[in-house]
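Chemist: Let's see this in three dimensions:
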Amino acid sequence: MKQKPNNAWTLKPGKMTLSELRAVWAAPGPLTLAAEAYPVIEASAATVQAIVAKGDAAYGINTGFGILAKTRIPDEKLEQLQRNLILSHSVGTGELLSDGVTRLVMLMKIGSLARGYSGVRPLIIDTLIALYNAGIMPAIPAKGSVGASGDLAPLSHMTLAMLGVGEVRVHGELMQAADALKAAGIAPVVLAAKEGLALINGTQVSNALALHGLFMTERLLEAGMVAGSLSLDAAKGSDAPFDARVHEVRGQPGQIAAASIYRQLVSNSAIRASHLEGDERVQDPYSLRCQPQVMGACMDVIANAARTLLIEANAVTDNPLIFSDADSGLAQIVSGGNFHAEPVAFAADSLALAIAEIGGLSERRIALLIDATLSGLPPFLVRDPGVNSGFMIAHVTAAALASENKSLAHPASVDSLPTSANQEDHVSMATFAARRLDDMAHNTAVIVGIELLAAAQGIDFHRPLKTSPHLEHVHSQLRQKVPFFDADRFFAPDIEAAKQMVLKGELSASCKSLFTPLHP
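Modeler: Got it, this is the predicted structure:
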């Protein structure tokens with residue numbers, strides 16, 4: 001997928017990159033499909049029409065679905081079959097997916113169908129592209145999928161919009177799909193054989209939610225490393241544990257990379273220079289000393305998840321699939337199970353561990369900073385403690401959220417409930433595995449935001465000494481939004497401001513070059 005100068009995207013099926021997916025998640029932009037994709041799409045659709053004309057029974061083309069696969073459907077009812085499939089499967093519930101997640105769902109479904117193994121007409125793909133470009137976002141409830149046989153319910157809600165049924169969201173406002181299509185000059189589609197099944201059979205919703213979780217986790221990782229570095233200086237900790245030799249002899253790639261980032265973040269700190277000599281402490285607590293080991297492990301987990309999710313973003317995951325032999329001209333319909341989202345579930349579960357650990361380590365540093373016996377700072381980071389409670393209950397909030405994340409981090413992929421009269425007797429639960437990442441990420445963003453506030457407070461108590469140039473810039477950014485905590489005040493707005501800096505990637509913006517290698 002290549003971005004043109006006018007911000008139009010040309011999708012090349014099977015070749016999307018993570019940076020392109022991040023861009024689609026972050027903001028809308030016009031989309032076109034590479035011209036070379038259309039011949040294979042047309043050939044695949046022609047194969048389906050040939051099967052219908054021949055009259056042979058083929059699953060999903062002229063049969064029922066799931067346990068009803070043995071039921072043969074007359075040709076004159078094939079269009080009704082596909083429409084009924086969408087209507088009956090649109091049973092989702094809960095909050096609607098965000099526009100960013102919905103764009104990813106639509107993009108990945110377009111890319112999957114356009115690889116030419118699904119038997120849909122170009123009209124179907126072009127209609128999805130038209131919706132995408134018009135900013136017509138199908139109203140997709142977040143709950144109702146078990147991650148096999150594909151994300152049936154949520155993808156049915158996506159497909160409803162193409163039929164002109166149900167609701168859509170345009171510029172943030174809900175409206176009837178029929179009205180939105182009419183206003184945009186888009187004709188509702190009438191689904192032909194197999195097209196409904198191809199549209200709703202697949203892992204695109206699970207994967208979009210997991211990608212959303214991935215991109216948020218990347219920001220949490222960066223923010224956690226920046227806040228942790230600031231805490232190190234606030235507590236007058238040592239940067240000796242970041243020595244490259246320590247990490248090279250272990251050999252873990254994430255740890256080595258993390259240590260390098262920490263060294264650069266704290267480099268040339270006057271606070272650190274002030275206690276190089278005469279410091280009675282021999283070793284710092286683990287939450288300071290072992291940051292490269294913990295965050296480096298998170299980094300490796302995130303990288304592994306990213307590889308899995310990128311493969312899935314480019315994958316064909318509906319069923320059945322159509323394979324054509326270019327030499328003989330023969331085609332074969334094969335029923336498989338690519339709709340089973342176990343890889344996505346595993347990736348999402350591993351991201352949950354990383355999110356929980358980033359928050360867990362950050363909470364421990366908050367506890368350290370407010371403890372005068374460990375940090376050497378005023379109790380609870382405020383002047384006149386006793387009259388002022390300072391960061392006492394802010395830490396309680398961080399502890400509550402860190403504990404909540406421990407429960408949310410329980411692997412969803414180990415659960416399974418049979419569906420469809422035991423035809424679908426093992427499912428991935430990938431959709432929930434991925435969906436809960438958003439809640440976890442918001443929890444950790446609050447924790448890291450509180451640490452940022454606490455660490456900045458500690459830095460202020462060391463004035464006129466300065467921290468490193470990188471961290472001074474971060475401190476300055478924060479102080480533009482949140483002043484020094486000189487006495488107790490309404491604290492929640494400060495925490496929200498810091499949280500938003502974490503979620504928006506603002507903490508690492510001033511030192512983005514340090515983190516660029518982490519984002520392929």
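
Chemist: any idea how far Leu401 is from the spatially most central residue of the chain?
Modeler: The residue lying closest to the centre of the chain (C-alpha atoms, centre = their mean) is His212, at 1.9 Å. Applying C-beta to C-beta, to the nearest Å, the value for His212 to Leu401 is 19 Å. Where you see a C-beta, it was placed from the backbone N, CA and C, and this is true even at glycine.

Chemist: what about the strands in this protein?
Modeler: Ranges of strands in the chain, per DSSP state E, are 2-3, 9-11, 31-33, 93-96, 136-138, 141-143, 167-170, 173-176, 321-324, 331-334.

Chemist: Compare the ones you listed and give me the one nearest Phe432.
Modeler: With C-beta to C-beta, the closest approach to Phe432 among these belongs to strand 141-143: 8.0 Å.

Chemist: if we can go back for a sec, which residue packs closest to the residue nearest to the centre of the chain, ignoring adjacent ones?
Modeler: Distances taken as C-beta to C-beta, 6 or more residues apart in numbering place Val101 nearest to His212, at 5.1 Å, with adjacent residues excluded.

Chemist: Kindly report the same for Ser267.
Modeler: Using C-beta to C-beta, 6+ apart, the nearest residue to Ser267 is Ser468, at 5.6 Å.

Chemist: pretty sure the one you found contacts Ser269?
Modeler: Yes - in this structure, Ser468 is within contact of Ser269 by C-beta atoms under 8 Å, at 4.2 Å.

Chemist: shared neighbours of these two, anything?
Modeler: Common neighbours of Ser468 and Ser269, using C-beta atoms under 8 Å, 6 or more residues apart in numbering, are Asp233.

Chemist: Now do the buried residues in stretch 276-289.
Modeler: Applying a neighbour-count criterion of 16 or more other C-beta atoms under 10 Å, one finds 284-285, 287-289 buried in stretch 276-289.

Chemist: Among those, which one lies nearest to Lys182?
Modeler: For the buried residues of stretch 276-289, the nearest to Lys182 is Ser287 (58.0 Å; C-beta to C-beta).

Chemist: what residues are up against the closest residue to that closest one other than its chain neighbours?
Modeler: Once flanking residues are discounted, Ser287 sits nearest to Arg364: 3.9 Å by C-beta to C-beta, 6+ apart. Applying C-beta under 8 Å, 6+ apart, we find Arg364 in contact with 285-287.

Chemist: Could you check how many residues crowd around Asp425?
Modeler: The number of residues packed near Asp425 is 12, by other C-beta atoms under 10 Å.

Chemist: Let me know the pLDDT of it.
Modeler: As predicted, Asp425 sits at a pLDDT of 80.

Chemist: Quick check: pLDDT value at the nearest residue to it once chain neighbours are set aside.
Modeler: Closest residue to Asp425 apart from its sequence neighbours, by C-beta to C-beta, 6+ apart: Pro418 at 4.3 Å. With respect to pLDDT, Pro418 has a value of 83.

Chemist: Would you check that Pro418 makes contact with Ala148?
Modeler: No - using C-beta under 8 Å, Pro418 makes no contact with Ala148, being 10.6 Å away.

Chemist: anything in contact with each of the two?
Modeler: With C-beta under 8 Å, 6+ apart as the test, Pro418 and Ala148 both reach 424, 426-427.

Chemist: which one of those has the most neighbours?
Modeler: Val427 (23 neighbours).

Chemist: re the thing from before, make TSV from the contacts of Arg364 and add pLDDT and distance to Asn201 to it.
Modeler: Shown next, in TSV, are these (pLDDT from 0 to 100; distance: C-beta to C-beta, whole Å):
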residue	pLDDT	distance to Asn201
Pro285	96	51
Tyr286	97	47
Ser287	97	46
